[in-house]
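*Asks:* the following comprises the amino acid sequence and a computationally predicted model.
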Amino acid sequence: MDRYSVSEVHAIFLGNIDTPDPHLVQVFFGGGQFTAIHHVQIRVNKEGELSHTYDRTVPYSSCMNLPVVPLADIDLSNPEFWTQPRDWRYGAFKTLRDESPFHFFEERMVENSPIPPGPGYRALVRHDDIWHVSRNANLFKSGAGSNIGDLPVEINEFFGSMINMDDPKHFRLRSIVSKGFTPKEIGALEESVRVRSASVIDRMFERFPERECDFVREVAALMPLQIICDMMGIPESDEEMIFNWTNTILGVGDPEYVGTFDDLVRVGGEIFSYALALGEERLKNPGNDIASIMMNAVVDGERLTAQEFGSFFILLVVAGNETTRTAIGHGMRELTIHRDQRELWFNDFETHTKTAVEEIVRYSTPVIHFRRTATEDTEINGQPIKEGEKVVMFYQSGNRDESVFTNPNDFDIRRSAQPAQVGFGAGGPHFCLGANLARREIAVMFDEIRRRVPTLEITSEPDYLQSSFINGIKRMRCAW
């Protein structure tokens, strides 16, 4: 055993150092910034000396309580807010929940965008309020846009398809496309999910004999991308192109992916043209993929138009790829940090899989927010809301609401699935169509890791996507 005095390390003690019994502690190194954690067995004697053993150093940002963020320092419309450390942001949302749960924020001009700022919005940060708005689509519409900014209706429907529609238009379109997401169709994808997950690990072993790589690019992003391509009948040779397109669409605000509004429109047009060609081909020569099912489905005598298929294709390849990869990336990081949770799940996988997947989605909350617009004068939990007023549901805050979730900042794979997390939305007509597929992908990918590469862990801090909309990770190293 090595020995150190307490003065040689930054330590957080889980116990009283003056008691005769030794206590487990976690030790953090790094110039006043808690930047790394050693997974160690530490013993502290009465003289304040440490004895320890450890296996590997892994990254960690902080395990302290959330910082107290003054209300005056919070501006959700400021792009700089979304570049702050996650713990600071969670602290800011706690302040909003405690002090101003319907806080009004002015909108700002988005750099390089021709769209002028709108009239502002109220931020919904509590679980119950998000639930209420989601479940009352007659009072809070989506057709004015799900993004905070006021885009033209044509652009909303072009990029967002169903998420930017209201009934009856929304009901008609969802009725048609849901033919490709029935339990039968999702069940038929089970083998594909298994095969693709296995091939991801095979590829990782083959390409990286040095036993380290970028977990996001080689694992978290690859499997859901391949599943979406399988579903739509997209050839493997086009996967890289689809991957780059999705990064651009959801990378708005991150200079690595998109520089101007024109870039976004250009890429959207490229995806749309690709989708039109695919849809026309499946209409003429249907196969066994979901694109064929949707193009040939008839509901009340109606089929999807080419425009509708193209817009839905954009939504599917973007949302179906990015959100699942975000959950897998965050999940792997938390399972590296929280070894006890990893061992608990991996040692009894089937018992804990359902709640573990829900906890990964809750903790990561891939989609940060969606907007609704009041259709009439109403109220939310006593707060008056005027007709036409924007309300923005911050799912990331709702999933950390301490009035609903016990110790919400703890990662706990045994956490009850009820009350429900809102990472897939909070019910209502716009609940995530692909939620069950995403759950299955997450479960199978971690099962594959558990069985074939149980020593895999994250070895670097995440390089986060600079976004107020997606809680994405661009890259993050792993080793095994």
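*Replies:* Alright, I've got the coordinates. Numbering: from 1, shown residues only.
*Asks:* now the strands for the stretch 351-480 of the chain?
*Replies:* Along the stretch 351-480 of the chain, counting by DSSP state E, counting those that start in this stretch, strands occupy 369-374, 378-380, 383-385, 390-394, 457-458, 463-464, 473-475, 477-479.
*Asks:* determine the set of other helices and strands touching the second one.
*Replies:* Counting contacts by 3 or more C-beta pairs under 8 Å, 6 or more residues apart in numbering; DSSP states H and E, strand 378-380 packs against helix 127-134, strand 383-385. Every residue, glycine included, has its C-beta placed from N, CA and C.
*Asks:* and the first one, what's its mean pLDDT?
*Replies:* In this model, helix 127-134 carries a mean pLDDT of 98.
*Asks:* before we move on, back to that, in JSON lines, list the helices and strands packed on strand 378-380 along with distance to residue 78 and mean neighbour count.
*Replies:* Compiled in JSON lines, those are given as follows (distance: least, C-beta to C-beta, whole Å; neighbours: other C-beta atoms under 10 Å):
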{"stretch": "helix 127-134", "distance to residue 78": "22", "mean neighbour count": "23"}
{"stretch": "strand 383-385", "distance to residue 78": "23", "mean neighbour count": "14"}
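*Asks:* export these to JSON lines and append columns for distance to residue 305.
*Replies:* As requested, these are exported to JSON lines (distance: least, C-beta to C-beta, whole Å):
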{"stretch": "helix 127-134", "distance to residue 305": "28"}
{"stretch": "strand 383-385", "distance to residue 305": "35"}
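*Asks:* any idea which of those gets closest to residue 403?
*Replies:* helix 127-134 (7.2 Å; C-beta to C-beta).
*Asks:* outside of the closest one, which residues touch it?
*Replies:* Contact with helix 127-134 is made by 101-102, 124, 139-140, 372, 380-381, 391, 393-395, 398-399, 401, 403-405, 419, 422, 425-428, 430-431, as judged by C-beta atoms under 8 Å, 6 or more residues apart in numbering.
*Asks:* again, but for stretch 325-333
*Replies:* Counting by C-beta under 8 Å, 6+ apart, 215-216, 219-221, 223-225, 360-361, 363-364, 366, 423, 438, 441-442, 445-446, 449, 456-458, 462, 470-473, 476, 478 sit against stretch 325-333.
*Asks:* tell me how far that stretch lies from the chain's centre.
*Replies:* In terms of C-alpha atoms, centre = their mean, to the nearest Å, the centre of stretch 325-333 is set 8 Å apart from its chain centre.
*Asks:* only C-alpha atoms, please: export it in PDB.
*Replies:* Presented in PDB, the C-alpha positions along stretch 325-333 are these (Å, rounded to 0.1, in the frame of the first residue of the first chain):
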ATOM      1  CA  ARG A 325     -26.100   8.100 -29.800                       C
ATOM      2  CA  THR A 326     -26.300  10.800 -27.200                       C
ATOM      3  CA  ALA A 327     -27.900   8.500 -24.700                       C
ATOM      4  CA  ILE A 328     -25.400   5.700 -25.300                       C
ATOM      5  CA  GLY A 329     -22.400   8.200 -25.000                       C
ATOM      6  CA  HIS A 330     -23.600   9.700 -21.800                       C
ATOM      7  CA  GLY A 331     -24.600   6.200 -20.500                       C
ATOM      8  CA  MET A 332     -21.100   4.800 -21.000                       C
ATOM      9  CA  ARG A 333     -19.600   7.800 -19.300                       C
END
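*Asks:* pLDDT of it, averaged?
*Replies:* Rounded mean pLDDT across stretch 325-333 is 98.
*Asks:* so residue 166 touches residue 143, yeah?
*Replies:* Yes - in this structure, residue 166 is within contact of residue 143 by C-beta atoms under 8 Å, at 4.2 Å.
*Asks:* ok so, going back, pull out the buried residues from the contacts of stretch 325-333.
*Replies:* The neighbour-count criterion (16 or more other C-beta atoms under 10 Å) marks 215-216, 219-221, 223-225, 360-361, 363-364, 366, 423, 438, 441-442, 445-446, 449, 456-458, 462, 470-473, 476, 478 among the contacts of stretch 325-333 as buried.
*Asks:* what's the longest helix in this protein?
*Replies:* Identified as the longest helix of the chain according to DSSP state H is helix 306-337.
*Asks:* in that one, what's buried?
*Replies:* Buried residues in helix 306-337, counted by 16+ other C-beta under 10 Å: 308-337.
*Asks:* same question for stretch 108-117.
*Replies:* Counting neighbours by 16+ other C-beta under 10 Å, the buried set in stretch 108-117 is residue 110.
*Asks:* now do the helices in the stretch 151-300 of the chain.
*Replies:* Under the criterion DSSP state H, counting those that start in this stretch, the stretch 151-300 of the chain contains helices at 153-160, 169-177, 183-188, 190-207, 215, 222-232, 239-250, 261-284, 290-296.
*Asks:* residues in contact with the third one?
*Replies:* The contact list for helix 183-188 (C-beta under 8 Å, 6+ apart) reads 179, 290, 293, 436, 437, 440.
*Asks:* most neighbours of all those residues, which one?
*Replies:* Neighbour counts for the contacts of helix 183-188, by other C-beta atoms under 10 Å, peak at residue 290, which reaches 24 neighbours.
*Asks:* could you list the low-confidence segments of the chain?
*Replies:* 1-64, 112-113, 153-154, 156-160, 258-260 (pLDDT under 70).
*Asks:* which parts of it belong to which domain?
*Replies:* Using automatic domain parsing, the domain parsing of the chain gives 2-59, 121-479.
*Asks:* how close does residue 212 sit to residue 456?
*Replies:* 10 Å (C-beta to C-beta, to the nearest Å).
*Asks:* common neighbours of the two, please.
*Replies:* 478, 479, 480.
*Asks:* leaving out sequence neighbours, find the closest residue to the first one.
*Replies:* Think residue 478. Nearest residue to residue 478, sequence neighbours excluded (C-beta to C-beta, 6 or more residues apart in numbering): residue 215, at 3.8 Å.
*Asks:* repeat that for the second one.
*Replies:* The shortest distance from residue 479 to any residue other than its chain neighbours is 4.1 Å, reached at residue 212 (C-beta to C-beta, 6+ apart).
*Asks:* wait, the residue nearest to residue 478 touches residue 476, no?
*Replies:* Yes - at 5.2 Å, residue 215 counts as touching residue 476 under the criterion of C-beta under 8 Å.
*Asks:* identify the contacts common to these two.
*Replies:* In contact with both residue 215 and residue 476: 329, 458, using C-beta under 8 Å, 6+ apart.
*Asks:* what residue lies at the spatial centre of this structure?
*Replies:* Most central in the chain under C-alpha atoms, centre = their mean is residue 366, positioned 1.2 Å from the mean C-alpha point.
*Asks:* which residues touch that residue?
*Replies:* Residue 366 neighbours (C-beta under 8 Å, 6+ apart): 322, 323, 324, 326, 327, 330, 423, 470, 471, 472.
*Asks:* same question, residue 151
*Replies:* Residue 151 neighbours (C-beta under 8 Å, 6+ apart): 115, 145.
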